[in-house]
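# the sequence isn't on hand, but the structure is:
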Ligand SMILES: [Zn+2]
């Protein structure tokens, strides 16, 4: 993921707040239907494919594995293929979309990216940045499978979130920009009650910031839901503006929220470095986010 300069000051405030924040979480508070352990295992499997930049052979192998895994669930899976123009030339990209059908005609989307930043010369597997969001969505698919529901639930794995050169309006969030345009053309966007994007939510010291580009009402719903589940301590009262895969939807008027923990390791030193490995993650953190998302879906369906 990437953030804008406006949020740089937030890093310091979060670091200060963290010193007084308890880091433990009792898994008993999490909804049993979502398994943080399963989310961590999916993340581990996805990371095992190695560095997974958009358009890479490793990414293609990961996609084939995910498509096979998703066959186990009661959902329809669509491959949204497109070619992105990047500073490194055209790249073949693929968003994966799992749809769990409801009956209301309305829809809820939970999204996250599954590519990793291309870091030539560096061992970078993106366990938290690209891995955790992908793995959490796989476990969410397992939790949603076979349930009757009111609204359609879309799970979307975005390709090409990371910039190839320098983050800009044209380099980065390729998958979400593509899908927002496609869903606008197909009149899917007006059906979406809420879109919640997750990024870097596997950190064992989980502290999700109040992302200020996001919809305030949707953010309040999620924060209130976290409080109801007894996990509010992981959802900070500190904010910052972060550009992420929710932006193309926000810009088209969708009620959208980004859940991101942008304080990963001391001074965010694990972010976009070879320290972003699976040992920095925890099943508890993934369990908290998964449980809050499932409960929020229920609230939105009311
Ligand atoms: Zn990133």
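Happy to help now that I have it. Since the structure is predicted, the reported quantities are computational estimates derived from the model, not experimental observations.

# so what's the residue of the stretch 201-302 of the chain found nearest the ion closest to, chain neighbours aside?
Nearest to the ion in the stretch 201-302 of the chain, going by C-beta to the ion, is residue 272, at a distance of 5.7 Å. The C-beta positions use only the backbone N, C-alpha and C, and glycine is treated the same way. Closest residue to residue 272 apart from its sequence neighbours, by C-beta to C-beta, 6 or more residues apart in numbering: residue 117 at 5.9 Å.

# the residue in the stretch 101-250 of the chain that the ion sits nearest to: what secondary structure?
Ranked by C-beta to the ion, the top residue of the stretch 101-250 of the chain for proximity to the ion is residue 129, at 4.1 Å. Taking DSSP: H, G, I helix; E, B strand; the rest coil as the rule, one finds residue 129 in the helix state.

# verify the contact between the residue nearest to residue 272 and residue 165 for me.
No - Residue 117 is beyond contact range of residue 165, at 11.1 Å (criterion: C-beta atoms under 8 Å).

# who in the stretch 101-250 of the chain is up against the ion?
117, 129 (C-beta under 5 Å from the ion).

# OK, contacts around residue 294?
Each residue near residue 294 by C-beta atoms under 8 Å, 6 or more residues apart in numbering is listed here: 31, 33, 34, 140, 143, 144.

# just the element for it, please.
Secondary structure from DSSP states H and E places residue 294 in helix 283-301.

# residue 109 too?
Going by DSSP H and E, residue 109 is part of strand 107-113.

# do the same with residue 61
Per DSSP H and E: helix 57-70 holds residue 61.

# who are the packing partners of the next helix or strand after that helix?
Heading C-terminal from helix 57-70, the first helix or strand you meet, by DSSP H and E, is strand 76-86. Helices and strands touching strand 76-86, by 3 or more C-beta pairs under 8 Å, 6 or more residues apart in numbering; DSSP states H and E, are helix 57-70, strand 89-100, helix 174-185.

# go again with 10 Å.
On a contact count with 3 or more C-beta pairs under 10 Å, 6 or more residues apart in numbering; DSSP states H and E, strand 76-86 meets helix 57-70, strand 89-100, strand 152-158, helix 174-185.

# most packed of the ones you listed?
Highest mean neighbour count among the helices and strands packed on strand 76-86 (mean count of other C-beta atoms under 10 Å): strand 152-158, with a mean of 25.

# measure how that strand sits relative to helix 174-185, angle-wise.
Strand 152-158 runs at 140 degrees relative to helix 174-185, counting by axes from the mean of the first three to the mean of the last three C-alpha atoms, to 10 degrees.

# check which helices and strands strand 152-158 sits against.
If contacts are counted by 3+ C-beta pairs under 10 Å, 6+ apart, strand 152-158 sits against helix 57-70, strand 76-86, strand 89-100, strand 107-113, helix 133-144, helix 174-185, strand 192-199, helix 283-301.

# next, count neighbours for residue 266.
Neighbour count for residue 266, taken as other C-beta atoms under 10 Å: 11.

# least confident of the contacts of residue 294?
Least confident entry in the contacts of residue 294, by pLDDT: residue 31, with 37.

# how about the residue nearest to residue 272, secondary structure?
With three-state DSSP as the basis, residue 117 sits in coil.

# what's near enough to touch it?
1-2, 51-54, 124, 126, 129-130, 161-164, 172, 271-272, 276 (C-beta atoms under 10 Å, 6 or more residues apart in numbering).

# cool, residue 235 as well?
Residues near residue 235 by C-beta under 10 Å, 6+ apart: 206-210, 219, 222-227, 259, 261, 288-289, 292.
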